[in-house]
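Engineer: pasting the structure only:
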């Protein structure tokens with residue numbers, strides 16, 4: 001990692017100057033948080049729809065039946081089903097990047113929590129992925145909705161686009177994510193909420209952002 005801190009715009013410009021690998025690297029922002037992940041009242045989680053998307057084609061699975069299932073299909077969901085889709089996942093199917101469920105489907109969906117949870121795919125009301133309005137949720141996921149969650153080491157990491165994005169696109173996406181993490185600050189968090197923020201991309205050096213503590217306060 002480059003040691004000196006960068007302003008966000010400067011970090012994005014520097015990242016864009018690095019020689020890139022033969023593929024289009026994913027650009028990520030990582031946060032080192034000043035909260036205790038062992039305390040449930042200090043959990044940080046939320047979601048944000050990035051203004052320029054993630055550059056990734058998002059495959060969406062929806063657990064629903066009836067009108068909600070039809071609405072999800074019409075909105076462009078890749079996999080829609082209920083007991084049949086749950087059985088498929090139990091048998092090892094995880095060919096999707098986001099999962100949405102209606103509230104009444106959650107009792108059954110919890111049976112596959114051991115499969116979905118570790119992959120960060122478990123539907124959750126706080127991120128808008130447990131809802132009767134499946135069409136809106138599917139469109140948001142396809143448009144570049146990013147979920148973020150504090151891990152057990154007090155870190156948060158989320159993709160904000162591809163190295164091929166313009167500097168403005170990356171900066172605006174980064175600002176949206178940072179703003180959302182700041183707004184998700186738990187009431188019980190004390191001291192520096194965000195200890196540092198790093199901008200990086202696959203197989204490229206990380207760049208520490210300046211004033212990260214100031215951003216948090």
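Structural biologist: In hand now; what should we look at? Keep in mind it's a predicted model, so treat the numbers as computed, not measured.
Engineer: domain ranges for this protein?
Structural biologist: 2-54+145-216, 60-142 (automatic domain parsing).
Engineer: Take these and lay them out in CSV including mean neighbour count and mean pLDDT.
Structural biologist: To be clear about C-beta, it is placed using only N, CA and C from the backbone, and glycine gets the same treatment. Shown next, in CSV, are the domains of the chain (neighbours: other C-beta atoms under 10 Å; pLDDT from 0 to 100):
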stretch, mean neighbour count, mean pLDDT
domain 2-54+145-216, 17, 89
domain 60-142, 18, 94
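Engineer: mind checking how far stretch 19-38 is from the chain centre?
Structural biologist: 11 Å (C-alpha atoms, centre = their mean, to the nearest Å).
Engineer: swap that for stretch 141-159, please
Structural biologist: On C-alpha atoms, centre = their mean, the centre of stretch 141-159 falls 3 Å from that of its chain.
Engineer: before we move on, what about stretch 20-39?
Structural biologist: 10 Å.
Engineer: now swap in stretch 129-147 and tell me
Structural biologist: Distance, centroid of stretch 129-147 to centroid of chain: 12 Å (C-alpha atoms, centre = their mean).
Engineer: end-to-end on it?
Structural biologist: End-to-end distance of stretch 129-147 (C-alpha to C-alpha, to the nearest Å): 10 Å.
Engineer: what's the answer for stretch 36-53, then?
Structural biologist: 30 Å.
Engineer: From the centre of the chain, point out the most distant residue.
Structural biologist: Distance from the C-alpha centroid of the chain, by C-alpha atoms, centre = their mean, peaks at residue 66 (28.5 Å).
Engineer: Could you find the closest non-adjacent residue to residue 145?
Structural biologist: Leaving out its chain neighbours, the residue that sits closest to residue 145 by C-beta to C-beta, 6 or more residues apart in numbering is residue 49, at 4.6 Å.
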